[in-house]
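# Here is a sequence with its predicted model. Questions after.
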Amino acid sequence: MFNPLALVGQITLSALAEIGRLSRFAGTAIYSIFMPPMYWRHVLQQMWLIGYNSLPVIGLTALFTGAALAQQIFVGGSRFNASSVVPGVVVIAIVRELGPVLGGLMVAGRVSSAMAAELGTMRVTEQIDALVTLSTDPFKYLVAPRLVAAVLTLPLLVIVANIIGVLGGFLIGTERLGLNAGTYLKVTVDFLEQTDVISSLVKAAVFGFFIALMGSYHGYHSRGGAQGVGKATTNAVVSAFIAILLSNLIITVIVFGDGA
Amino acid sequence: MSSTPMIQLENVHKHFGPKQVLRGIDLSVAKGESMVIIGGSGTGKSVMLKCILGLLEPTTGTIHVDGEDVTHLRGRARKEVLTKFGMLFQGAALFDSLPVWENVAFGLIQGKGMNKKDAREIATEKLRRVGLSPDVGLLSPAELSGGMQKRVGLARAIASEPEIIFFDEPTTGLDPIMADVINDLIVECVKDLGATTLSITHDMASARKIADRIAMLYQGEIIWEGAKAEVDTSGNDYVDQFIHGRAHGPIQMELRKL
């Protein structure tokens, strides 16, 4: 007989077990970052893969979002003092929220999936077992460099996204909405505060951690051949998205919650 | 036997949840001996190897390697024990991000901290030992045929001159001629090193070629063990059915997954 309570219990238990496994994995991974040796060549390689290769998608996303945002704010009834409202809202929205969140989501789509697929294939072809038999810790060799690289690279990518996002708003504002270029830039700089930039970078680093953690975790624990790797890839992206959106909310409440 | 066995398993059980995979394995492999475990798919052969290597932890029972209890070792102590081992994986398990020579040299560079130049020389020599020219060392594993990948896997397993070598289905997926080439290479390499070996296979031709002793695993237990020559006169119906490859007999194939 169908018992809804049992179903709720089952789902809760398996979700808690999954969170426990993930936390343990994260703990081992963080521990392995601080225990020598660190494979710096792998860190640089991963930074290149995560950072440089994500630039086009990050740039396009930021440019179009910034432009659309400027257009929306202008249309939304504020056209009478548009010269101060448009640049101010664009820079705050981009730097505080859209730059890091959209940037994080875009990179998660690219990078968490790629990490899960690569480590998942290494798992099902026994390459991870082979590492162990060759006296090499897979956490140090595979997971730690990915985490370090993502945490270091995401803030750099988000700086680029923020600048291009503001540029997108600037282009629409000056070319289409007839705002004065000099005033636009001045208002942008006046509105931006140190807290905005710092929170943006902190968010980026945290998102980077989750992107690499979810990619590595699901890849490392994938099983059951090609189908298992496919499932790991999907799960990595979905869980990275959730982690990014949830941690974004938490950081925003902590930093801006008191009305600062 | 007077000296301590190189590998000794006592009453090793391994459960995955309610599923019992190993049900009390007792096995002892003497130093320099070549033991081959035969048995069908899903009888627990791979799980047994992984328990000895520490990739899986046995539920109960003890495992000794060269007299040392390694059952629950972790971290540095486990790493120390693993330097005694080499392993040839079923699918070769070569690292596809690295060229062939770095695969062979991996244990020397990462595990033993040897410099790249010396490690590369040894890798080239080991590749020659398994019949591959130095040019092959520059290729990526994906460019090699299955037989060549197995040879590289063998070269990697013997590169650090381990005392113990495991072979997981060394001939699976190879044509009969290549399988025989690999069997010959295994016998030669093991003789060179004087290593103790433990192999798992369901290929009887391979077992007869590389074994000193043969043990048969069935439903998570060793049901027969003896010298290679005794395998045909074991008087054990299970062994007879297996070595002659008959569909009918005491072993019922599990068509449904547990």
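That came through, no problem.
# CA only for contacts and neighbour counts going forward, please
Noted.
# Quick one: low-confidence residue ranges for the stretch 151-258 of chain B.
Under the criterion pLDDT under 70, the flagged ranges of the stretch 151-258 of chain B are B:253-258.
# 50 instead?
Applying pLDDT under 50 to the stretch 151-258 of chain B flags the ranges B:257-258.
# tell me which parts of chain A are close to chain B?
Contact residues (Cα under 8 Å from any Cα of the partner chain) of chain A with chain B: A:122, A:125-127, A:129-130, A:132-136.
# Among those, name the ones in helices.
Those of the residues of chain A next to chain B mapping onto helices are A:122, A:127, A:129-130, A:132-133, per DSSP state H.
# Buried ones among the residues of chain A next to chain B?
A:122, A:125-127, A:129-130, A:132-136 (16 or more other Cα atoms under 10 Å in any protein chain shown).
# Which parts of the chain are helices?
Just so you know, I chose chain A. A:4-34, A:40-51, A:55-75, A:82-93, A:99-107, A:113-124, A:127-133, A:138, A:144-175, A:181-191, A:194-220, A:225-256.
# think we crossed wires, I meant chain B
Going by DSSP H, chain B shows helices at B:45-53, B:75-82, B:100-106, B:116-129, B:146-159, B:176-193, B:204-210, B:237-244.
# Let me know which of these is the nearest to A:S216.
For A:S216, the closest of these is helix B:75-82, at 20.3 Å, according to Cα to Cα.
# So what touches that closest one?
A:133-136, B:53-54, B:70 (Cα atoms under 8 Å, 6 or more residues apart in numbering or on different chains).
# The residues you listed: which two are farthest apart?
Spatial extent of the contacts of helix B:75-82 (Cα to Cα) is set by the pair A:T136 and B:V70 at 17.7 Å.
# what does stretch B:206-213 rub up against?
B:33-36, B:38, B:171, B:179-180, B:183-184, B:186-187, B:201, B:214, B:225-228.
# Relative to the whole chain's centre, how far out is it?
12 Å (Cα atoms, centre = their mean, to the nearest Å).
# Can you list the buried residues in that stretch?
Using 16+ other Cα under 10 Å as the test for burial, stretch B:206-213 gives B:206-208, B:210-213.
# which parts of stretch B:19-38 are buried?
For stretch B:19-38, by 16+ other Cα under 10 Å, it's B:21-38.
# Please disregard the earlier target; I meant stretch B:51-65.
Quick answer for stretch B:51-65 (16+ other Cα under 10 Å): B:51-54, B:57-58, B:60-65.
# And for stretch A:211-231?
A:211-220, A:222-223, A:228-231.
# tell me the average confidence for that stretch?
Regarding stretch A:211-231, the rounded mean pLDDT is 93.
# Just the pLDDT for residue 52.
Picking chain A for this. pLDDT for A:Y52: 93.
# wrong one, chain B
93.
# Roughly how far does it sit from A:V229?
27 Å (Cα to Cα, to the nearest Å).
# got it, and A:S84?
According to Cα to Cα, A:S84 and A:V229 sit 51 Å apart.
# Tell me which of the helices of chain B lies nearest to B:G91.
Proximity of these to B:G91 was assessed by Cα to Cα; the nearest stretch is helix B:146-159, lying at 7.6 Å.
# counting contacts, what elements does the closest one pack onto?
strand B:85-88, helix B:100-106, helix B:116-129, helix B:176-193 (3 or more Cα pairs under 8 Å, 6 or more residues apart in numbering or on different chains; DSSP states H and E).
# And the shortest one, how far out from the chain middle?
To tie it back to what came earlier, the one meant is strand B:85-88. Chain-centre distance of strand B:85-88: 7 Å, with Cα atoms, centre = their mean.
# hey, C-alpha coordinates of it in PDB?
Output of strand B:85-88 as PDB, limited to C-alpha atoms (Å, rounded to 0.1, in the frame of the first residue of the first chain):
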ATOM      1  CA  PHE B  85      52.500  -3.900  -5.300                       C
ATOM      2  CA  GLY B  86      52.100  -3.600  -9.100                       C
ATOM      3  CA  MET B  87      48.900  -4.200 -10.800                       C
ATOM      4  CA  LEU B  88      47.700  -4.800 -14.400                       C
END
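# the inter-axis angle of the helix or strand of chain A with the lowest mean pLDDT versus helix A:99-107?
One helix or strand of chain A scores below all others by mean pLDDT, DSSP states H and E: helix A:82-93, with a mean of 88. Put simply, helix A:82-93 runs at 50 degrees to helix A:99-107, going by axes from the mean of the first three to the mean of the last three Cα atoms, to 10 degrees.
# Pull out the buried residues from helix A:82-93.
Buried residues in helix A:82-93, defined by neighbour count with 16+ other Cα under 10 Å: A:82-93.
# Name the residues that touch that helix?
A:66, A:69-70, A:73-74, A:78, A:166, A:169-170, A:173, A:179-180, A:183-185, A:187-188, A:191-192, A:196.
# Of those residues, just the buried ones, ChimeraX syntax please.
In ChimeraX syntax, the buried subset of the contacts of helix A:82-93 is picked out as below (16+ other Cα under 10 Å):
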select /A:66,69,70,73,74,166,169,170,173,179,184,187,188,191,192,196
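# ok, now which ones touch A:P37?
Each residue near A:P37 by Cα under 8 Å, 6+ apart is listed here: A:K140.
# Please repeat the previous calculation with a cut-off of 7 Å.
By Cα atoms under 7 Å, 6 or more residues apart in numbering or on different chains, the contact list for A:P37 is empty.
# give me the residue from the stretch 151-258 of chain B nearest chain A.
Nearest to chain A in the stretch 151-258 of chain B, going by Cα to the nearest Cα, is B:A157, at a distance of 8.6 Å.
# Report the beta-bridge partner residues of the closest residue in space to that residue that isn't next to it in sequence.
Nearest residue to B:A157, sequence neighbours excluded (Cα to Cα, 6 or more residues apart in numbering or on different chains): B:G86, at 4.4 Å. B:G86 has these beta-bridge partners by DSSP bridges: B:I165.
# and B:G86, what is it in contact with?
A:133, B:157-158, B:162, B:164-166.
# same thing but 10 Å
A:130, A:133-135, B:53, B:107, B:153-167, B:195, B:197 (Cα atoms under 10 Å, 6 or more residues apart in numbering or on different chains).
# Just the buried ones from those residues?
Looks like the contacts of B:G86 have A:130, A:133-135, B:53, B:107, B:153-167, B:195, B:197 buried, using 16+ other Cα under 10 Å.
# now the buried residues of stretch B:206-213 as CSV including distance to A:I50?
Shown next, in CSV, are the buried residues of stretch B:206-213 (distance: Cα to Cα, whole Å):
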residue, distance to A:I50
B:S206, 46
B:A207, 47
B:R208, 51
B:I210, 47
B:A211, 49
B:D212, 52
B:R213, 52
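# Now stretch A:40-60 - C-alpha only, PDB.
Written as PDB, here are the backbone C-alpha positions of stretch A:40-60 (Å, rounded to 0.1, in the frame of the first residue of the first chain):
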ATOM      1  CA  TRP A  40      50.900  23.200  -9.000                       C
ATOM      2  CA  ARG A  41      51.200  22.200 -12.700                       C
ATOM      3  CA  HIS A  42      47.700  20.700 -12.400                       C
ATOM      4  CA  VAL A  43      46.400  23.800 -10.700                       C
ATOM      5  CA  LEU A  44      47.700  26.000 -13.600                       C
ATOM      6  CA  GLN A  45      46.400  23.600 -16.200                       C
ATOM      7  CA  GLN A  46      42.900  23.700 -14.500                       C
ATOM      8  CA  MET A  47      43.000  27.500 -14.100                       C
ATOM      9  CA  TRP A  48      43.600  27.700 -17.900                       C
ATOM     10  CA  LEU A  49      40.700  25.300 -18.600                       C
ATOM     11  CA  ILE A  50      38.300  27.000 -16.200                       C
ATOM     12  CA  GLY A  51      39.300  30.600 -16.700                       C
ATOM     13  CA  TYR A  52      40.500  31.300 -20.300                       C
ATOM     14  CA  ASN A  53      38.100  28.900 -22.000                       C
ATOM     15  CA  SER A  54      35.100  30.400 -20.100                       C
ATOM     16  CA  LEU A  55      35.900  34.000 -21.100                       C
ATOM     17  CA  PRO A  56      33.700  34.100 -24.300                       C
ATOM     18  CA  VAL A  57      30.600  32.700 -22.600                       C
ATOM     19  CA  ILE A  58      31.200  34.900 -19.500                       C
ATOM     20  CA  GLY A  59      31.700  38.000 -21.700                       C
ATOM     21  CA  LEU A  60      28.700  37.500 -23.800                       C
END
